[in-house]
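A.B. asks: Fold the following for me, if possible:
(2 chains)
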Amino acid sequence: MTAQVITISSGKGGVGKTTAVANIAVALAMDGAKVVCIDGDIGLRNLDVVMGLENRIVYDLVDVIEGRCKLRQAMIRDKHYNELYLIPAAQTRDKSAVSPSDMTRLCNELRPEVDYVFIDSPAGIERGFRNAIAPADRVLVVTNPEVSAVRDADRVIGILEAEEKRSPALILNRLNPALVKQHDMLSAEDVLDLLGIQLIGIVPEDENVIVGSNRGVPVAQDSKSRAGQAFRNIAKRLKGEEVPFIDLEKQPGLWDRIQKMAGGRKA
Amino acid sequence: MDDLASLVQIKGLRDGLLVSLTDAPWEEQRAALLEQIDGQQAFFQGARLALDVGAQILKVNEMVELRDRLSERSVALWAVVSESPTTEQTAQLLGLATRISKPRPEEERRFEVQDLGEGTALFVNKTLRSGARVEFAGHVVVLGDVNPGAEIIAEGNVVIWGRLRGAVHAGSKGDKSAVVCALDLLPIRLQVAEEAVNLSDRKESGQPEMAFIQNERVIIEAWKPG
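C.D. replies: Numbering: from 1, shown residues only, chains lettered A, B, ... in the order given. Modelled structure (predicted):
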């Protein structure tokens, strides 16, 4: 196995990076892939809470990097999926405890063992973000249909372009079709027009996501949830499958255009 | 300190400091470099360092050790340039850059031009995203969009073959004849010479437009090239 290392980033905080990591990882694990999630937000960890693994933490990322434990010992196995693991962030340290080359080394050690490595990037464009993108083969940029979130996503995309990383793909999270219709929210088209990168998923606003995060049960496990469906579709697209976008709004012209921007075959 | 100075050469680059080593033994040069940094802490604090090791072959542990010593001094090692492929590979293994010619566009880009003739223009063949800043002593032509949060400052004209959503200052040294043209002109801030306009209430006009000064005010008209 040679894992793909995928970093989820956004620039702005609170747009749903951690939720996206947990859900996409769960969706891939449900399909039988072997997945490791790394919480890159040292000092403000929360991926463990969203995945419901908080009380199982013994060792963390910084312990591995500083050689206090073996990589295996810091990998916490998920409660439901045997092939899903979390490497939690240290809560009592800060970003400077890890360097970009540490992350690259760690991921290279994981590559032969698993199918996917997900890195949950902290908000911002400083050290923690640099750590998270250093080993990435692919970056998914999460944004919300809000001007400030889109502005920060644009900045992150600019930095990734400067680093000559492969062009990132976009996850548009918390889209509320009713608000878009009333012109109170940016539409998917507005966001794509500005950012001009490939779209890999649109996740509708769904209160089950919050409930799931609080319970430590990612919504991707819920077959009835619309957001869960969106995350499962993102997982499929990561594997290279072509999945049509969920029709959130009954505006045929718009959706054709999104399909086209997302690199779909149909014009 | 003559010895030290001849052992390690330090010069400034656009995106950090370049340290060039000589053929002297690694241990001596390493010590010389660290000593120099310790001697000028204020200067090196927070610096990004690229290391040109010439023909020297560095082992992984040597590179790691240096990186850690530097990071203890708040200096980041970001690149190792070498004539030896082995050392280059070692550097790449550690996630370090091995080429330093590439400018880092997210930082400020400044271009100096001696003589501002009519033909002096900077051609930017990409979308300028939030955080990008282009400053040029001449005209600027962008083939792409200028997104909100991006900034262009030109002593001459600014022509954007795309959407203008960021901030633009044309005629930045006071040239009142400078113009700003865009296929879709909706900047967050627009200034020609000393005259600034607020266009926040503007709606898309659906046609290319040009902004210029007339009677001490910036006005915007449909852009008909030629």
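A.B. asks: burial count for A:N208?
C.D. replies: The number of residues packed around A:N208, counting by other CB atoms under 10 Å in any protein chain shown, is 15. (Glycine included, C-beta is placed from N, CA and C.)
A.B. asks: what about it, helix or strand, and which?
C.D. replies: Using DSSP states H and E, A:N208 falls within helix A:207-215.
A.B. asks: Quick one: name whatever helix or strand follows that helix.
C.D. replies: Downstream of helix A:207-215, the next assigned helix or strand under DSSP H and E is helix A:226-238.
A.B. asks: returning to that earlier point: taking helix A:226-238 as reference, get the angle to the helix holding A:N208.
C.D. replies: 80 degrees (axes from the mean of the first three to the mean of the last three CA atoms, to 10 degrees).
A.B. asks: which residues are in contact with helix A:207-215?
C.D. replies: Contact with helix A:207-215 is made by A:16, A:18-19, A:22, A:49-50, A:52, A:218-219, A:221-222, A:225, A:227-228, as judged by CB atoms under 8 Å, 6 or more residues apart in numbering or on different chains.
A.B. asks: Just the closest of those residues to B:N215, please.
C.D. replies: Sorting the contacts of helix A:207-215 by how near they are to B:N215, with CB to CB, puts A:G16 at the top with 50.6 Å.
A.B. asks: Now the closest one: closest residue in space that isn't a chain neighbour?
C.D. replies: Nearest-residue entry for A:G16: A:N173, 4.2 Å, with adjacent residues in sequence omitted and distances by CB to CB, 6 or more residues apart in numbering or on different chains.
A.B. asks: In this structure the one you found contacts A:P204, no?
C.D. replies: No - taking contacts as CB atoms under 8 Å, A:N173 lies outside contact range of A:P204: 9.0 Å.
A.B. asks: more neighbours, these two?
C.D. replies: Legend: neighbour count by other CB under 10 Å for A:N173 and A:P204, higher for A:N173 (25 against 18).
A.B. asks: how about A:E113, what does it touch?
C.D. replies: A:E113 sits in contact with A:M1, A:A3, A:K34, A:V36, where contact means CB under 8 Å, 6+ apart.
A.B. asks: Buried members of these into PyMOL, please.
C.D. replies: Listed next is the PyMOL selection for buried residues among the contacts of A:E113, using 16 or more other CB atoms under 10 Å in any protein chain shown:
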select buried, chain A and resi 3+34+36
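A.B. asks: what's around the nearest residue to B:R133 once chain neighbours are set aside, how many residues?
C.D. replies: Leaving out its chain neighbours, the residue that sits closest to B:R133 by CB to CB, 6+ apart is B:E151, at 4.6 Å. Summarising burial for B:E151: neighbours were counted as other CB under 10 Å, giving 19.
A.B. asks: Over to B:N125?
C.D. replies: By other CB under 10 Å, the residues close to B:N125 number 9.
A.B. asks: tell me the contacts of the residue nearest to it when sequence neighbours are not counted?
C.D. replies: Distances taken as CB to CB, 6+ apart put B:L143 closest to B:N125, at 4.9 Å, once the chain neighbours are dropped. With CB under 8 Å, 6+ apart as the criterion, the residues that contact B:L143 are B:F123, B:V124, B:N125, B:K126, B:W161, B:G162.
A.B. asks: Need the three-state assignment for the first one.
C.D. replies: Right, B:F123. Reducing the assignment to helix, strand or coil with DSSP: H, G, I helix; E, B strand; the rest coil, the entry for B:F123 is strand.
A.B. asks: Which helix or strand in chain B has the lowest average pLDDT?
C.D. replies: Taking mean pLDDT, DSSP states H and E as the measure, the helix or strand of chain B with the lowest value is strand B:109-111, at a mean of 50.
A.B. asks: Tell me the buried residues in stretch A:57-69?
C.D. replies: A:I57, A:Y59, A:D60, A:L61, A:V62, A:D63, A:V64, A:I65.
A.B. asks: Identify, from those, the entry nearest to chain B.
C.D. replies: Taking CB to the nearest CB as the measure, chain B lies nearest A:I65 of the buried residues of stretch A:57-69, at 11.9 Å.
A.B. asks: Surely that closest one and A:V98 touch.
C.D. replies: Yes - using CB under 8 Å, A:I65 is in contact with A:V98, at 5.7 Å.
A.B. asks: quick one: the strands in the stretch 151-267 of chain A?
C.D. replies: A:169-175, A:198-204 (DSSP state E, counting those that start in this stretch).
A.B. asks: Next, format those strands as CSV and append mean pLDDT.
C.D. replies: Supplementary listing: the strands of the stretch 151-267 of chain A in CSV, determined by pLDDT from 0 to 100:
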stretch, mean pLDDT
strand A:169-175, 96
strand A:198-204, 95
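A.B. asks: and these, which is most packed in?
C.D. replies: Of all those, strand A:169-175 carries the top mean neighbour count, a mean of 24, counting by mean count of other CB atoms under 10 Å in any protein chain shown.
A.B. asks: Report the angle between that one and helix A:226-238.
C.D. replies: 170 degrees.
A.B. asks: then strand A:169-175 to PDB, C-alphas only?
C.D. replies: What follows is strand A:169-175, C-alpha atoms only, in PDB (Å, rounded to 0.1, in the frame of the first residue of the first chain):
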ATOM      1  CA  ALA A 169     -10.000  20.800  -4.500                       C
ATOM      2  CA  LEU A 170     -12.900  22.600  -2.800                       C
ATOM      3  CA  ILE A 171     -15.400  21.500  -0.300                       C
ATOM      4  CA  LEU A 172     -18.300  24.000   0.100                       C
ATOM      5  CA  ASN A 173     -19.700  23.300   3.600                       C
ATOM      6  CA  ARG A 174     -22.900  24.400   5.200                       C
ATOM      7  CA  LEU A 175     -24.700  25.500   2.100                       C
END
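A.B. asks: and it, which strands flank it?
C.D. replies: Taking DSSP bridges as the criterion, strand A:169-175 sits next to strand A:138-143 (parallel), strand A:198-204 (parallel) in its sheet.
A.B. asks: Contacts for that strand next, please.
C.D. replies: Judged by CB under 8 Å, 6+ apart, the contacts made with strand A:169-175 from elsewhere in the structure are A:8, A:15-16, A:19-20, A:138-145, A:153, A:185, A:188, A:191-192, A:195, A:197-205, A:234, A:248.
A.B. asks: Buried among those residues? Make that a PyMOL selection.
C.D. replies: Taking 16+ other CB under 10 Å as the burial criterion, the selection of buried members of those in PyMOL is written as:
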select buried, chain A and resi 8+15+16+19+20+138+139+140+141+142+143+144+145+153+185+188+191+192+195+197+199+200+201+202+203+204+205+234+248
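A.B. asks: could you redo the contacts of B:L143 as TSV and give each row pLDDT and distance to A:D120?
C.D. replies: Below are those laid out as TSV (pLDDT from 0 to 100; distance: CB to CB, whole Å):
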residue	pLDDT	distance to A:D120
B:F123	91	39
B:V124	92	34
B:N125	91	34
B:K126	91	29
B:W161	95	38
B:G162	94	34
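A.B. asks: Which one of these is nearest to chain A?
C.D. replies: Proximity to chain A was ranked across the contacts of B:L143 by CB to the nearest CB; first place goes to B:K126, at 7.8 Å.
A.B. asks: so what's the closest residue to the closest one other than its chain neighbours scoring on pLDDT?
C.D. replies: For B:K126, ignoring the flanking residues on the chain, the nearest one in space by CB to CB, 6+ apart is B:G144 at 5.0 Å. The pLDDT attached to B:G144 in the predicted structure is 95.
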